[in-house]
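# Structure for the following, please:
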Amino acid sequence: MTLSLLEASEAHRLVPEGGSVALKPNLVIAGAPEDGATTHPGVLSGCIEYFRAHGVRDISVIEGSWVGDETMRAMRRAGYDRVCKQYDVPFHDLKRDRTRPVKTAIGAIDVCCRALDAGLLVDLPVLKGHCQTVMTCALKNLKGCLPDKEKRRFHAMGLTRPIAALGAAVKPRLIIVDSICGDLNFEEGGTPVQTNRMFLGFDPVQVDAYGCALMGLNLSEVPYIELAEQFGAGKSEWSERDLVELNSASDAPAYPKPRGTVAALTRRVHENQACSACFAALVRALHTSGLGKDREIYIGQGWQGRPIDGLGIGKCCRGASQCVMGCPPTAEAIANKLEDLNWQ
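This next block holds a predicted model:
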């Protein structure tokens, strides 16, 4: 599927003479691609084979997992170690990369140098749901090009504006979306929906807008997309004239809408600048345990140093009368705490 998309698009023309190609997948956590959270290793294989066939020798895989997880553990869990060994392609953990400030619409953002210096940055996101931003695809996948301190700062600022600003500053010129079995509810996977779809584009804003349409979402539900357009990252408008189908739409099942699971689970959660890993662990615990829907729960950096009458999640909420410590705490620890409180 990846090779077919690349061959049809003649993507090799985007690589500058003698330039490098950096493949940026989504390795948010250490999980198998079949769980619906991480980019399939076959997408990497297809990209490497295609660009090698067109004379590109400097190819690498770059990524940094979310705060609280180890990138190298995630890459092995996803099977990227075997791909990199088979094709003799280096994998670079962006958590260990140098950074430099980039001017954006909201001020300077520190971005990893390997992402900035690539001749062609290829964005390889998974189209899926997200606990805080409703959906994630091309634009939000660029957050993996940041050091952990910037990822935390993005959450402190609220994700919408910094994601939009980053998209306009980094602006990948090739996006290949793994929509094979993305999880429509959770960024970290666990309830995948198989659609057997992939698609390719050259504008991250337009790709995300199309992804919204596939998921049955309005652009107003994912505000960073239109804001990214305002910041100059691309255009959100698309029509049937922009689509080139390589097979019949009937070859893949209809794309279901997200079920609103996260909204239902978090009705009594008071979120204030929570990091994705912490919030996702809470949602997963609420989902798997079936407990906590009747409790006031607090989470996020905005609660630091403040007294809280309720259950706090993570070290930022250590001032709560009850707290699950960690940065981030595990879903298991949160579920165990909810179970303990249920028996009290």
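# Run the chain-centre distance for stretch 219-236.
16 Å (Cα atoms, centre = their mean, to the nearest Å).
# ok, Ala165 to Cys275 distance?
From Ala165 across to Cys275, the span is 18 Å (Cβ to Cβ, to the nearest Å). Using the backbone N, CA and C atoms, a C-beta is placed for each residue, glycine as well.
# Break the protein down into its domains, please.
2-251, 261-343 (automatic domain parsing).
# Mean pLDDT lowest where, among the ones you listed?
Among the domains of the chain, domain 261-343 carries the lowest mean pLDDT, at a mean of 87.
# what about that domain, start to end distance?
25 Å (Cα to Cα, to the nearest Å).
# ditto for stretch 287-299
The first-to-last residue distance of stretch 287-299 comes to 16 Å (Cα to Cα).
# Buried residues, it. List them.
His287, Ser289, Leu291, Gly292, Ile297, Tyr298, Ile299 (16 or more other Cβ atoms under 10 Å).
# Just those: which are in helices?
Secondary structure from DSSP state H places His287, Ser289 of the buried residues of stretch 287-299 in helices.
# among the buried residues of stretch 287-299, which two are most distant?
His287 and Tyr298 (18.6 Å; Cβ to Cβ).
# how distant is stretch 15-23 from the center of its chain?
Taking Cα atoms, centre = their mean, one finds the center of stretch 15-23 at 24 Å from the center of the full chain.
# what's in contact with it?
Contact partners of stretch 15-23, identified using Cβ atoms under 8 Å, 6 or more residues apart in numbering, comprise 44, 47-48, 51, 54, 56, 58-62, 114-115, 117-122, 124.
# Narrow the residues you listed to just the buried residues.
Buried subset of these (neighbour count, 16+ other Cβ under 10 Å): 44, 47-48, 51, 56, 59-62, 114-115, 118-122, 124.
# In helices, which of those residues appear?
Among the buried ones among the contacts of stretch 15-23, the members falling in helices (DSSP H) are Leu44, Cys47, Ile48, Phe51, Arg114, Ala115.
# Between which two of those is the distance greatest?
Pairwise distances across those (Cβ to Cβ) peak at 18.0 Å, for the pair Ile48 and Ala115.
# Excluding sequence neighbours, find me the nearest residue to Leu200.
Distances taken as Cβ to Cβ, 6 or more residues apart in numbering place Leu5 nearest to Leu200, at 4.2 Å, with adjacent residues excluded.
# show me what contacts the one you found?
When contacts are counted by Cβ under 8 Å, 6+ apart, Leu5 touches Ile176, Met198, Phe199, Leu200, Leu246.
# Make sure the first one is actually in contact with Val122.
So the one you mean is Ile176. Yes: judged on Cβ atoms under 8 Å, Ile176 makes contact with Val122 at a distance of 6.7 Å.
# any common contacting residues for those two?
Joint contacts of Ile176 and Val122 (Cβ under 8 Å, 6+ apart) are Cys47.
# one step back: for PyMOL, what selects the buried ones among the contacts of Leu5?
Buried subset of the contacts of Leu5, written as a PyMOL selection, criterion 16+ other Cβ under 10 Å:
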select buried, resi 176+198+199+200
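# How many residues are close by Gln206?
Look at Gln206: counted by other Cβ atoms under 10 Å, it has 21 neighbours.
# which stretch of helix or strand covers the residue positioned nearest the centre of the chain?
Geometric centre of the chain, nearest residue: Asn141, 4.2 Å, by Cα atoms, centre = their mean. Per DSSP states H and E: Asn141 is located in helix 138-141.
# Which residues does that helix contact?
24, 26, 123-126, 130, 133, 159, 163-164, 166-167, 172, 175, 177, 201, 204-205, 207-208, 211, 224-225, 228, 233.
# Stretch 100-115: end-to-end distance?
11 Å.
# Return the set of buried residues in it.
Thr104, Ala105, Ile109, Val111, Cys112, Arg114, Ala115.
# Farthest pair within the residues you listed?
Ala105 and Arg114, at 23.2 Å, using Cβ to Cβ across the buried residues of stretch 100-115.
# which outside residues touch stretch 158-172?
Residues from elsewhere that reach stretch 158-172 (Cβ under 8 Å, 6+ apart): 24, 102-106, 109, 111, 115-116, 121-123, 132-133, 138-140, 142-143, 145-146, 153-154, 204-205, 223-225, 227-228, 230-234, 273.
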